[in-house]
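1. Need coordinates for the below:
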Amino acid sequence: MIVRHHYLRMLNTYRNVPLVKVLAGIRRCGKSTILEMLKEDLIKDGVQPNNIISICYTSDDFYDGMNDKDMYNGIKREMTDDKRYYLLLDEVQEIPGWEKAVNSLLENANTDIYVTGSNSKLMSSEISTYLTGRYISIPVFTLSFAEYMEFKKPSARTPKELLNEYIRMGGFPIVALGGFDERTAYQIVEGIYTSVITSDITRRHSITNFDLFNRVVKYVVENVGKTFSANAIVKFLKSEGRSLSIESVYNYLEWLEKAFVIYRCPRYDLQGKSLLKTQEKFYLADATLKYCILGFNPKSIAAMLENIVYFELCRKGYTVYIGKNAAKEIDFVASRRDERIYVQVCRNLPEDSDREVAGLLEIRDHYPKYVVSLDEFATGNIKGVKLMHLADFLLMDTY
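-> Coordinates of the predicted model:
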């Protein structure tokens, strides 16, 4: 098992803190394996295996019909002494009212609780009633580039060579471990996508016009890295002779977000210092979600580079926005506590250098500014703006 140190460090930071640790992300992004890593780490640190209770709630045969009381009583039966128990509960959203059971275990037993899930039941808005102030949400993403390199060891390929593969093959752990060709990899990801759409969206929300829903999904996928609005989708569908209300589009986008298929990136007005409510961008949980739906197209790489950078910033704990500075757009404004960085992303710098650098130079502050690309020769510094190859940027510990 290849350890994902970023998540293990984060979980260890909160170990024995009286909060429920909630790991949430798209299906097959590695949440269950992270719990296995945690179990091994607990045992290594001296916790007795009998005091670690690991349960996965995905078996329809065993857990069909189970409610929160059954869940609570089942766990309590395994707690046979007064020692601290570590509860590793996988895919808890399958149990109706799981929040009540977890809250009771947190209050009435000597426990340290970790839960995972892959849909809206793990979103903060869904669990706030019973766990307000008593949980910490830890987003789990597909593999970062640094993790992808770990999965590929030993390899004689350079980081830049591996980056080209990462761009095409994405970061789902099952794909990275398997050494599949592109066609097989995209078929695997299509299966993941289909299970998410079927189990977490269409069935849960009783979508009847599946064809129209799929067309909205395809529009979002085609426009990764571009600003658009719900109204733009409605107008586009109308041009195709289809009818859908703005409210339905908002619902579809929200459900895709809650299943961790897409992530919303709002715009921030750098001059007005305020969030803008229109023309957001959406990014896909993994680049291969685009390729499995539309096929791989080299022309789409520029947008997927943005996708990769967006999630790298999220992994490092930044809150990420699109920057609007007068008439110019900054790809990313990323804030973390009192830090801020600005990032422009492009595929090839020479043809875009004036535009990419000029937009950053107009920002009158002293926070770090970067232009990242796949250009081998785009390195150095232009009036304080750092030019970097994407591989080097992704492998930086701090900015």
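
2. Do you know the pLDDT at the residue nearest the centre of the chain?
-> Centrality entry for the chain: nearest residue to the mean C-alpha point is residue 141, 3.9 Å, by CA atoms, centre = their mean. Here, the pLDDT recorded for residue 141 equals 97.

3. so how far is the helix or strand containing residue 290 off the chain centroid?
-> Per DSSP states H and E: residue 290 is located in helix 288-294. From the chain centre to the centre of helix 288-294 is a distance of 16 Å (CA atoms, centre = their mean, to the nearest Å).

4. and it, what does it pack onto?
-> helix 182-195, helix 210-222 (3 or more CB pairs under 8 Å, 6 or more residues apart in numbering; DSSP states H and E). Bear in mind the C-beta positions are built from the backbone N, C-alpha and C, glycine included.

5. What is the longest one packed up against?
-> If I follow you right, that is helix 182-195. helix 159-169, helix 173-178, helix 288-294.

6. Over to the shortest one?
-> Under the contact definition 3+ CB pairs under 8 Å, 6+ apart, helix 210-222 sits against helix 230-239, helix 246-258, helix 288-294.

7. Let me see the residues that make contact with that helix.
-> For helix 210-222, the surrounding residues in contact (CB atoms under 8 Å, 6 or more residues apart in numbering) are 197, 201-202, 207, 233, 236-237, 240, 242, 244, 249, 252-253, 256, 262, 282, 284, 289-290, 293-294.

8. Name the next helix or strand downstream of the helix-or-strand element of the chain with minimal mean pLDDT, please.
-> The weakest-scoring helix or strand in the chain, judged by mean pLDDT, DSSP states H and E, is helix 60-63 (a mean of 61). The helix or strand immediately downstream of helix 60-63 is helix 68-77, counting by DSSP H and E.

9. The following helix or strand past that next one to helix 68-77, inter-axis angle?
-> Per DSSP H and E, helix 68-77 leads on to strand 85-90 as the next helix or strand towards the C-terminus. If you take axes from the mean of the first three to the mean of the last three CA atoms, to 10 degrees, strand 85-90 sits at 140 degrees to helix 68-77.

10. For strand 85-90, which helices and strands make contact with it?
-> For strand 85-90, the helices and strands in contact under the criterion 3+ CB pairs under 8 Å, 6+ apart are helix 31-44, strand 52-56, helix 98-108, strand 111-117.

11. Kindly recompute the last result at 6 Å.
-> Helices and strands touching strand 85-90, as assessed by 3 or more CB pairs under 6 Å, 6 or more residues apart in numbering; DSSP states H and E, comprise helix 31-44, strand 52-56, strand 111-117.
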